[in-house]
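S.K.: after the sequence you'll find the predicted model.
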Amino acid sequence: MSASTPRFSPEDVTVVFFLGGPGSGKGTQSANLVKDYGFVHLSAGDLLRAEQVREGSQYGDMIKTYIREGKIVPMEVTVALLSNAMADSLAANPVPAGTKARFLIDGFPRKLDQAVFFEATVCPSEVVLFLDCPEAVMETRLLKRGETSGRDDDNAESIRKRFRTFVETSMPVVDDFEQKGKVVKVQATGSVEEVYAEVRAGIEARNLHPR
Ligand SMILES: Nc1ncnc2c1ncn2[C@@H]1O[C@H](COP(=O)(O)OP(=O)(O)OP(=O)(O)O)[C@@H](O)[C@H]1O
Ligand SMILES: O=c1ccn([C@@H]2O[C@H](COP(=O)(O)O)[C@@H](O)[C@H]2O)c(=O)[nH]1
């Protein structure tokens, strides 16, 4: 894996960043958005977990520690994984003339430097979808998920650290995009169906329609 220049043109893609605290429901809503809106879903966390266990990865141990501690992995690693995954997807499914591939980038950017670096070297985002959810609700969901997820970080101590990182490091990213007029904010405390109805309304208001 290397952080090379992307192997595609920014003109060929529409990128939606999907942000929200740990357990706010990004992965759950992403499945709906893939089905109805033709997004390719890329979860930064999933890409990091795959890199962590990839044989021969020089980053495996480092990623494991960062994830368990709820810290943000250095941006070069994550941006390279995302950019390569986008390029691979475009190579496998070339964009028909006159259309753009849609990428839903879940759980990224989590830090301002990542946002700046990605938008400068890969492509700018179109919309930032933000799931707003109280910590108490997210904690209940994550502890429940932890009963079966097998994730190293779905335990009370890691969850506490992830919440702290989210408030201190990731919320400034949401605030920055908000100032740029890019944020679609959705309350994430309702049922999966209720939240999805709000998500749909929000992105359609930004001219993203089913495909
Ligand atoms: N609206 C909802 N109501 C109740 N439970 C939900 C809702 N949305 C998601 N969940 C459940 O909460 C848990 C966390 O959801 P999900 O994995 O989608 O969150 P996430 O934001 O992707 O989390 P992370 O950032 O930690 O990966 C899952 O077990 C999921 O089934
Ligand atoms: O851009 C990113 C995204 C994620 N991480 C690390 O991964 C874990 C888990 O992420 P999920 O989105 O909850 O799957 C997160 O706590 C970070 O440690 C990252 O470093 N950079």
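M.R.: Arrived safely, thanks for sending. Numbers count the residues shown, from 1 in each chain. Ligands and ions are numbered 1, 2, ... in the order given.

S.K.: and for the residue of the chain found nearest ligand 2, nearest residue in space, chain neighbours not counted?
M.R.: The chain approaches ligand 2 most closely through G45 (2.0 Å), counting by CB to the nearest ligand atom. Placement of C-beta: from N, CA and C, glycine included. If the residues on either side of it in the chain are set aside, G45 comes closest to G107, at 5.0 Å by CB to CB, 6 or more residues apart in numbering.

S.K.: can you list the buried residues in the host helix or strand of V77?
M.R.: Taking DSSP states H and E as the criterion, the element that holds V77 is helix 75-92. Counting neighbours by 16 or more other CB atoms under 10 Å, one finds that the buried residues in helix 75-92 are 75, 77-86, 89-90.

S.K.: got the contact list for the longest strand anywhere in the chain?
M.R.: Among the elements of type strand in the chain, defined by DSSP state E, the one spanning the most residues is strand 13-20. Contacts of strand 13-20 from elsewhere in the structure, counted by CB atoms under 8 Å, 6 or more residues apart in numbering, are 26, 29-30, 39, 86, 90, 95, 100-110, 115, 122-133, 170, 173-174, 177, 188, 203, 208.

S.K.: returning to that earlier point: columns pLDDT and distance to E69 on top of the buried residues of helix 75-92, output as TSV?
M.R.: Putting these into TSV (pLDDT from 0 to 100; distance: CB to CB, whole Å) gives the following:
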residue	pLDDT	distance to E69
M75	96	17
V77	97	15
T78	98	16
V79	97	20
A80	97	21
L81	97	19
L82	98	21
S83	97	25
N84	96	25
A85	97	24
M86	97	28
S89	96	30
L90	95	34
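
S.K.: most widely separated two among those residues?
M.R.: M75 and L90 (21.8 Å; CB to CB).

S.K.: next, the most centrally placed residue in the chain: phi, psi?
M.R.: Centroid-nearest residue in the chain: D106, 1.7 Å away (criterion: CA atoms, centre = their mean). Backbone torsions for D106, taken as degrees, to the nearest 10, come to phi -90, psi 130.

S.K.: quick check: it touching A31?
M.R.: No: here D106 does not reach A31: they are 10.4 Å apart, not a contact under CB atoms under 8 Å.

S.K.: give the residues shared as contacts by those two.
M.R.: Between them, D106 and A31 have H41 as joint contacts when contacts are counted by CB under 8 Å, 6+ apart.

S.K.: and this protein, which of its residues are near ligand 2?
M.R.: Counting by CB under 6 Å from any ligand atom, the chain comes close to ligand 2 at 22, 43-45, 48, 66-67, 70-73, 78, 107-108, 110, 153, 162.
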